[in-house]
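# predicted structure and sequence below. I'll ask about it afterward.
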Amino acid sequence: MQGITRELSFVIRPRKLIALLALAVALLTLLGAAGGFLLLQRPGDGIVKVATLVSLGEDANLPTWYASVTLLLCGVLLGVIGLFARNTSDPFANHWLILATLFILLSVDEVAMIHERAGWLLRWLSPAVSELGGMLRYSWILVGIPLLLILGAVMLRWFLHLPRRFKGLFGAAALIYIGGALGLEMVNAATHDAIGTRSLRYQGLTLVEELCEMTGVLVFLYGLINYICGITGAVTVRFHAQQKEV
């Protein structure tokens with residue numbers, strides 16, 4: 001008997017993929033803005049059920065799904081780079097794998113709301129936390145800032161070792177994403193504390209915050225794909241199906 005191998009493969013082209021995702025970000029932003037406006041203008045209307053499907057301030061909807069998928073894709077690509085680095089005895093292989101794990105967890109967090117639950121747990125363990133207001137109204141920030149500082153210290157040598165181009169791409173991605181996810185989140189927390197969530201200001205800040213997060217991930221994804229292209233020449237995914245000839 002002789003084995004017959006048939007190969008199915010496709011190539012991911014960075015510019016086309018990023019252009020498609022950028023279009024998705026633009027569409028989600030426009031729909032999110034419309035959804036947020038409808039939620040403010042017609043809170044008791046039946047259209048609210050449709051608006052929450054696209055609102056950037058809501059959970060378990062289309063923007064949440066998009067964010068989770070793109071974060072997972074980053075995690076997978078980071079894992080691929082990490083495994084390649086390990087096979088080539090790269091001293092920073094574990095750093096890539098740490099980032100891969102982090103992004104997979106961030107993907108899970110988008111749908112499981114782990115960071116919100118961490119805030120609830122913190123308030124339960126220390127009732128005084130519940131009395132904090134302003135920028136610390138969202139208690140998970142008290143956990144997020146120390147974890148971010150620890151991650152920065154761990155990844156500093158890895159970042160400094162990157163080629164200049166990828167320092168720029170990854171650094172810009174981090175600043176945009178963290179600026180939205182943490183910086184604007186704190187501003188939004190203060191806004192929530194001062195005037196509540198049913199205001200144009202709060203909805204506008206939420207829109208910019210989510211746009212920063214999606215844009216940051218998009219820039220990072222573009223950098224990751226180009227990084228892989230730089231070490232392999234192309235990103236090719238192959239599925240092998242082997243059949244036996246009788």
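Received it, and whenever you're ready, just let me know what you need. A quick note: this is a predicted structure, and the numbers were derived from the prediction, not measured.
# could I have the host helix or strand of Leu160 exported to CSV, CA atoms only?
Counting by DSSP states H and E, the secondary-structure element that holds Leu160 is helix 141-161. In CSV, the C-alpha atoms belonging to helix 141-161 read as follows (Å, rounded to 0.1, in the frame of the first residue of the first chain):
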residue,chain,number,x,y,z
ILE,A,141,-8.1,48.9,38.3
LEU,A,142,-6.5,48.3,41.7
VAL,A,143,-5.5,44.9,40.5
GLY,A,144,-4.8,45.8,36.9
ILE,A,145,-2.2,48.5,37.6
PRO,A,146,0.2,46.4,39.7
LEU,A,147,-0.1,43.5,37.2
LEU,A,148,0.7,45.8,34.4
LEU,A,149,3.8,47.1,36.2
ILE,A,150,5.0,43.6,36.9
LEU,A,151,4.4,42.6,33.2
GLY,A,152,6.3,45.7,32.1
ALA,A,153,9.3,44.8,34.3
VAL,A,154,9.3,41.2,33.1
MET,A,155,9.1,42.1,29.4
LEU,A,156,11.5,45.1,29.4
ARG,A,157,14.6,43.1,28.2
TRP,A,158,12.5,41.4,25.5
PHE,A,159,11.2,44.7,24.2
LEU,A,160,14.7,46.4,24.2
HIS,A,161,16.0,43.4,22.2
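# what residues sit buried inside that helix?
For helix 141-161, the buried set under the neighbour-count rule, 16 or more other C-beta atoms under 10 Å, comprises Ile141, Leu142, Gly144, Met155, Trp158. Where you see a C-beta, it was placed from the backbone N, CA and C, and this is true even at glycine.
# check stretch 22-34 too.
Of the residues in stretch 22-34, those with enough neighbours to count as buried (16+ other C-beta under 10 Å) are Ala24, Val25, Leu28, Thr29, Leu31, Gly32, Ala33.
# next: stretch 76-86.
Leu77, Leu78, Gly79, Val80, Ile81, Gly82, Ala85.
# which ones are touching the nearest residue to Ala34 once chain neighbours are set aside?
Taking C-beta to C-beta, 6 or more residues apart in numbering, and ignoring the residues beside it in sequence, Ala34 has Val54 as its nearest neighbour in space, at 7.2 Å. Listed by C-beta atoms under 8 Å, 6 or more residues apart in numbering, the contact partners of Val54 are Leu28, Leu31, Gly32, Ala34, Gly35, Asn61, Leu62, Pro63.
# would TSV of these with secondary structure and pLDDT be doable?
Formatted as TSV, the contacts of Val54 follow (DSSP: H, G, I helix; E, B strand; the rest coil; pLDDT from 0 to 100):
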residue	secondary structure	pLDDT
Leu28	helix	95
Leu31	helix	92
Gly32	helix	91
Ala34	helix	88
Gly35	helix	87
Asn61	coil	91
Leu62	helix	93
Pro63	helix	94
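# lovely, talk soon.
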